[in-house]
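>>> prediction below, plus the sequence it came from.
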Amino acid sequence: MTATTGRRNWSRETGDMEMLTVGQVAQTFGVTVRTLHHYDEVGLLSPSERTRAGYRLYTVEDLERLATIVTYRRLDLPLDAVAALLRGDGSTLEHLRRQRDAVMTKVEELHGLVDAIDARLERKMNEQPATREDLKEIFGDGFKDEYQDEAQERWGETDAWKQSAKRTEKYTVADWEKVKAESATVNDAFVAALTAGLPATSPEAMDAAEEHRAQIEKWFYDCSHDFQRNLADMYVADPQFTKTYEDIAPGLAVYVRDAIHANADRHS
């Protein structure tokens with residue numbers, strides 16, 4: 001009974017290592033039979049034994065020599081340099097060191113190439129339109145499927161909704177993060193005016209209202225001051241919108257509505 005272990009065949013009955021034929025060696029080491037014949041012809045590696053029928057057989061020592069040859073060839077060493085190394089010729093030591101340096105340089109270049117590819121992949125991924133899951137992660141409870149479905153049902157046939165849908169369909173995660181950041185800046189301005197005790201008709205509150213309108217127009221749809229008035233009224237009339245503002249600061253929904261109306265009057 002014979003079992004194959006790695007590149008050698010082991011005889012369980014005798015406990016001896018069996019010798020391999022050319023075909024077996026070629027399959028085990030991933031080299032061609034033609035290559036093995038060439039190594040034999042140039043005196044680099046010759047099978048040490050033969051069968052009674054004259055077939056060449058590789059011994060354990062032959063296979064160890066072949067493993068060394070394969071290693072050197074992977075370093076792109078020419079056959080004459082490999083032969084010199086196998087002879088123990090010290091004159092090739094510096095050549096081998098140079099080959100090692102060359103390999104390490106290639107390794108560093110490949111690492112740089114991988115980094116460049118990763119950076120490109122990241123840029124490409126960031127250029128992809130954001131999914132609903134992305135939006136949920138960015139806006140949290142502020143983005144829920146039922147809110148989006150309800151909004152589409154209520155306003156899906158309006159020009160503003162269609163314009164917004166067309167503009168936002170290509171927005172990336174980075175785009176939506178900018179939208180979120182700018183919205184937070186506008187809300188902070190409203191809150192600052194409210195907590196400072198300034199009336200909704202103050203320049204600070206009305207300026208925040210104008211920024212609110214400009215942000216909508218920048219990212220979503222054309223927003224006139226009259227259209228913004230309607231939005232402001234909805235912030236108070238619709239419980240979902242009211243809660244969004246009241247969660248930021250008590251009384252903010254009414255304050256935003258009044259500031260928007262005051263700003264619209266200012267621009268009339």
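Arrived safely, thanks for sending.

>>> pretty sure residue 232 contacts residue 257?
Yes. Assessed by C-beta atoms under 8 Å, residue 232 is found in contact with residue 257 at 4.1 Å. C-betas here are computed from N, CA, C, even on glycine.

>>> where does this protein have low pLDDT?
Across the chain, the ranges flagged by pLDDT under 70 are 1-17, 89-93, 95-96, 98-99, 102, 123-126, 141-152, 154-156.

>>> grab the most central residue of it for me.
With distances taken as C-alpha atoms, centre = their mean, residue 122 lies nearest the centre of the chain, 4.7 Å away.

>>> longest helix of this protein?
helix 93-126 (DSSP state H).

>>> how far off centre is that one?
Here helix 93-126 is found 19 Å from its chain centre; the criterion is C-alpha atoms, centre = their mean, to the nearest Å.

>>> ditto for stretch 255-262
That offset, for stretch 255-262, works out to 44 Å (C-alpha atoms, centre = their mean).

>>> which residues does it contact?
When contacts are defined by C-beta atoms under 8 Å, 6 or more residues apart in numbering, stretch 255-262 is touched by residues 190, 193-194, 200-201, 205-206, 208-209, 212-213, 228-229, 231-233, 235-236, 245.

>>> would you show me how to pick out the buried ones of the residues you listed in ChimeraX?
This is how ChimeraX selects the buried members of those, with burial counted by 16 or more other C-beta atoms under 10 Å:
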select :190,193,194,200,205,206,208,209,212,213,228,229,231,232,235,245
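
>>> just the contacts of stretch 255-262: which are in helices?
Of these, the ones assigned to helices by DSSP H are 190, 193-194, 205-206, 208-209, 212-213, 228-229, 231-233, 235-236, 245.

>>> which ones are touching residue 134?
173, 176.

>>> swap in 6 Å and give it another go.
Applying C-beta atoms under 6 Å, 6 or more residues apart in numbering, we find residue 134 in contact with residue 173.

>>> what does residue 45 give?
For residue 45, the contact set (C-beta under 6 Å, 6+ apart) comprises 39, 65-66.

>>> same check, this time on residue 205
With C-beta under 6 Å, 6+ apart, residue 205 has these contacts: 193, 198, 259.

>>> residue 135: which of these is nearest?
residue 259 (27.3 Å; C-beta to C-beta).

>>> what segments of the chain are strands?
2-5, 8-11, 17-18, 20-21, 49-50, 56-58 (DSSP state E).

>>> run the chain-centre distance for the fifth one.
Using C-alpha atoms, centre = their mean, the mean C-alpha position of strand 49-50 is found 55 Å from that of the whole chain.

>>> also the fourth one?
Here the centre of strand 20-21 is set off from its chain's centre by 47 Å, with C-alpha atoms, centre = their mean.

>>> could you do stretch 162-181 as well?
Taking C-alpha atoms, centre = their mean, one finds the center of stretch 162-181 at 21 Å from the center of the full chain.

>>> buried set for it?
164, 168, 171, 173, 175-176, 179-180.

>>> got the residues you listed as TSV, with distance to residue 104 columns?
Output for the buried residues of stretch 162-181, formatted as TSV (distance: C-beta to C-beta, whole Å):
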residue	distance to residue 104
164	55
168	49
171	45
173	38
175	43
176	44
179	47
180	46
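
>>> of these, closest to residue 111?
residue 173 (27.7 Å).

>>> is it true that the closest one touches residue 129?
No. At 9.0 Å, residue 173 does not count as touching residue 129 under the criterion of C-beta atoms under 6 Å.

>>> which neighbours do those two share?
Counting by C-beta under 6 Å, 6+ apart, no residue touches both residue 173 and residue 129.

>>> picking that back up, which of the contacts of residue 45 fall in helices?
Per DSSP H, helices hold the following members of those: 39, 65-66.

>>> reformat the residues you listed as TSV; add distance to residue 82 and neighbour count.
Formatted as TSV, those follow (distance: C-beta to C-beta, whole Å; neighbours: other C-beta atoms under 10 Å):
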residue	distance to residue 82	neighbour count
39	9	20
65	10	18
66	11	21
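
>>> from those residues, which is closest to residue 250?
Nearest member of the ones in helices among the contacts of residue 45 to residue 250, counting by C-beta to C-beta, is residue 66, at 82.3 Å.
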